[in-house]
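*Asks:* One predicted model, sequence on top.
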Amino acid sequence: MEPINEAHVVEPGLAVVEIAACDDQTAFAIPELLATRWATATADRTTLDPGQPGVRLRCYLDVRQTLSS
């Protein structure tokens, strides 16, 4: 994965979540779950890192913005 961009963590409440999972379906389930609570920018594809098991996915959260139910 690429290095984390400073703009994504420049102030309190912003977070980068890196997910490692056995398959795409599992990896995409995590950001979907997070998006039910916070503003989330998700990735549209996973990556495979040579020599590493499973797939990787990165998503971005803004935990300052809670979603109303």
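*Replies:* Nice, I can see it.

*Asks:* going forward, measure contacts and count neighbours with C-alpha atoms only.
*Replies:* OK.

*Asks:* Nearest spatial neighbour of residue 53, chain-adjacent residues omitted?
*Replies:* Distances taken as C-alpha to C-alpha, 6 or more residues apart in numbering place residue 22 nearest to residue 53, at 7.3 Å, with adjacent residues excluded.

*Asks:* Tell me which residues touch the spatially most central residue of the chain, please.
*Replies:* Nearest to the mean C-alpha position of the chain, by C-alpha atoms, centre = their mean, lies residue 59 at 2.0 Å. Each residue near residue 59 by C-alpha atoms under 8 Å, 6 or more residues apart in numbering is listed here: 16-18, 31, 40-43.

*Asks:* Most neighbours among the residues you listed, please name it.
*Replies:* Counting neighbours by other C-alpha atoms under 10 Å, residue 31 leads these with 23 neighbours.

*Asks:* quick check, nearest of the contacts of residue 59 to residue 55?
*Replies:* residue 18 (10.6 Å; C-alpha to C-alpha).

*Asks:* what about the strands in this protein?
*Replies:* Ranges of strands within the chain are 14-21, 38-41, 55-66, based on DSSP state E.

*Asks:* Identify the residues contacting the second one?
*Replies:* This means strand 38-41. 31, 34, 59-67.

*Asks:* so what strands line up beside that strand?
*Replies:* strand 55-66 (antiparallel) (DSSP bridges).

*Asks:* now the strand it pairs with, how far from the centre of its chain.
*Replies:* The chain centroid and the centroid of strand 55-66 are separated by 4 Å under C-alpha atoms, centre = their mean, to the nearest Å.
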